[in-house]
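**Q** Pasting the sequence and the predicted model now:
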Amino acid sequence: MAEGLGQGGGPLKRSIHPGSSRRKTTPFPKGRQLDPDAHTEVCALLDGRPRQRDLLIEYLHLIQDRYGHLSAIHLQALAAEMTLPMAEVFEVASFYAHFDIVLDGEAAPPEITIRICDSLTCELMGARKLLENLPGHLGDKVRVVPAPCMGRCDSAPVAEVGHGHVDHATLDTLAEAVLGGRTHAIIPAYQDLAAYRAEGGNGCLKDCLSGALPAETVIETLSDSGLRGLGGAGFPTGRKWSLVRAEPGPRLMAVNADEGEPGTFKDRHYLETKPHQFLEGTLIGAWAVEAAEVYIYLRDEYPAAREILLREIAALEDSGLSPHTKLHLRRGAGAYICGEESAMIESIEGKRGLPRHRPPYVAQVGIFGRPTLVNNVETLYWVPPIVTQGADWFAAQGTNGSKGLRSYSVSGRVKNPGVKLTPAGVTLRQLIDDHCGGMAEGHSLKGYLPGGASGGILPASMADIPLDFGKLEEHGSFVGSHAVVVLSDQDDIKAVALNLMRFFEDESCGQCTPCRNGTEKAVKLMSMGAWDKPMLEDLAVVMRDASICGLGQAAPNPLLSVLKYFPEDLS
């Protein structure tokens, strides 16, 4: 049985955390009165920033970062300053897990919060013991809470002290981080703009802006290369660009850097090592579809990547390389659902991240109702080399009938986890043997997740199937964001599936009944000693057929995989 996977709680629930404002205000029966001191404090934080509705989440972050929580008086002051109803501000703040709302008369949370990842790989590596033992180790001056995947699965178990991550966390290293005040992100060494330009970077962008490369030629090259969306859906990139370009302007662009799928961390790798190759691809995309503005939506769990992007976007603007568009960096707030493109767009607009009904699709009606191009980080990362070296160069990189290069996030029971850049279409066995140094000592392959929590669980007997789009669907699975979690004979597959379903239960946005209630009921049924197979199968059908978005539709995949491929684990 996997360490820490047989019992215990789920990820951090989105709820109002106990706390109190720094001062008392007298309640009035006719409604809350604006606290003048709180209003002054909020105005000082906004510091001349525009009072735009779409910046609400950014401004909630300003308050949270400054005071460690969101007090009722500050929420009221922000609502007044932005001329929004208090209820609207409150509903947005309460939707996101990283905002701590404190109502009048409640105790404020401790100054330091430690979030311990309890998603699959971290639980495999002992996160549950940290959650159980850390509070007693540190005392009541530090708050310890579980949290969903932080995108650092190759260094599990992982914790976040304030905004500083601790990899391969132990009781002692977390105590050292608290005592040493290491609560801020450590910026890794990365390739800055000068180094990127020195090796020829941004040459492709300059050719586009100068007219040497027509947009039609660039789009055709991407189509011929076989580049597909690498955030999970796999939609052909050139075709997507053509569809958005054909829509009447004005057009916008959004970059999905909210890779919250448990087991996925490849986008973070590229943002923290070669951000300008990604940024060049972004600027080429904006030029190709004539997007006047680009919104980069980055998950809040990536504070180091945020600092890098803030620096390097400013450097790009100073260098004059982005005259055709404006780059905006928007910060998520702890909501896996915002990885779904329409929910991400709602969040960019400063709202709760609720998926939209489709049609219309975001290529037609996206941000602020405008046609919007949406790509993820790795997709855009490959644009400059493909346009520069040609479609044939990229297409020829694949294997087993696939085209291109792929970045696989590999974690779990292997010797050397990490981001593995390989030809598209490699098999799990090739990944483990040729790129990860084999299985971890004392472990034998039992199964694997080919596409994170959503992609299902396949047995070791299927380790020779190519890991690419269209190859796994007939087996009830998919490669998705290429997040591979390797399981061994020491892991309880039922407990693995339960961990994944708890994640979906917590991360459901709650908009539709099949997902909201379905994940909750599935967790209860899967927590029982013996699984009720007919009832779970019926529940899975309802969730798949009736859920609004991919979260509810894919949530049954792990439990169905266990029923189909691991019957011996059900006894």
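**A** That came through, no problem.
**Q** Relative to the whole chain's centre, how far out is stretch 527-535?
**A** What separates the centre of stretch 527-535 from the centre of its chain is 31 Å, taken as Cα atoms, centre = their mean, to the nearest Å.
**Q** For that stretch, which residues meet the burial criterion?
**A** For stretch 527-535, the neighbour count (16 or more other Cβ atoms under 10 Å) marks residue 531 as buried. All C-beta spots, glycine's among them, are computed from the backbone N, C-alpha and C.
**Q** again, but for stretch 205-218
**A** Buried residues in stretch 205-218, defined by neighbour count with 16+ other Cβ under 10 Å: 205, 208, 209, 213, 215, 218.
**Q** Widest-spaced pair of those?
**A** 205 and 215 (12.6 Å; Cβ to Cβ).
**Q** Mutual contacts of those two, please.
**A** residue 287 (Cβ atoms under 8 Å, 6 or more residues apart in numbering).
**Q** Now, the buried residues of stretch 205-218 that are in helices?
**A** 205, 208, 209, 215, 218 (DSSP state H).
**Q** How about residue 555, nearest residue that isn't a chain neighbour?
**A** residue 504 (4.0 Å; Cβ to Cβ, 6 or more residues apart in numbering).
**Q** Can you verify that neighbour is assigned to a strand?
**A** No. According to DSSP: H, G, I helix; E, B strand; the rest coil, residue 504 belongs to no strand; its state is helix.
**Q** Around it, how many other residues sit close by?
**A** 27 (other Cβ atoms under 10 Å).
**Q** Touching, it and residue 550? I think so.
**A** No. Using Cβ atoms under 8 Å, residue 504 is not in contact with residue 550, being 10.8 Å away.
**Q** how many other residues sit next to residue 167?
**A** Count around residue 167 with other Cβ under 10 Å applied: 13.
**Q** hang on, isn't it packed against residue 153?
**A** No. With contact defined as Cβ under 8 Å, residue 167 does not reach residue 153; the gap is 10.4 Å.
**Q** tally of neighbours for residue 415?
**A** Other residues near residue 415 come to 12 when the count uses other Cβ under 10 Å.
**Q** Let's see the pLDDT reported for it.
**A** The model reports residue 415 with a pLDDT of 98.
**Q** mind listing what it touches?
**A** With Cβ under 8 Å, 6+ apart, residue 415 has these contacts: 436, 437, 438, 439, 440, 441.
**Q** if we can go back for a sec, next up, the contacts around the residue nearest to residue 555.
**A** By Cβ under 8 Å, 6+ apart, the contact set of residue 504 is 453, 515, 519, 551, 552, 555.
**Q** let's see it at 10 Å
**A** Listed by Cβ atoms under 10 Å, 6 or more residues apart in numbering, the contact partners of residue 504 are 10, 262, 336, 453-454, 515, 518-520, 522-523, 543, 551-552, 554-558.
**Q** again with residue 242
**A** 215, 216, 219, 220, 222, 223, 236, 288, 289, 363.
**Q** ok, now residue 461?
**A** If you count contacts by Cβ under 10 Å, 6+ apart, then residue 461 has 445, 447, 565 around it.
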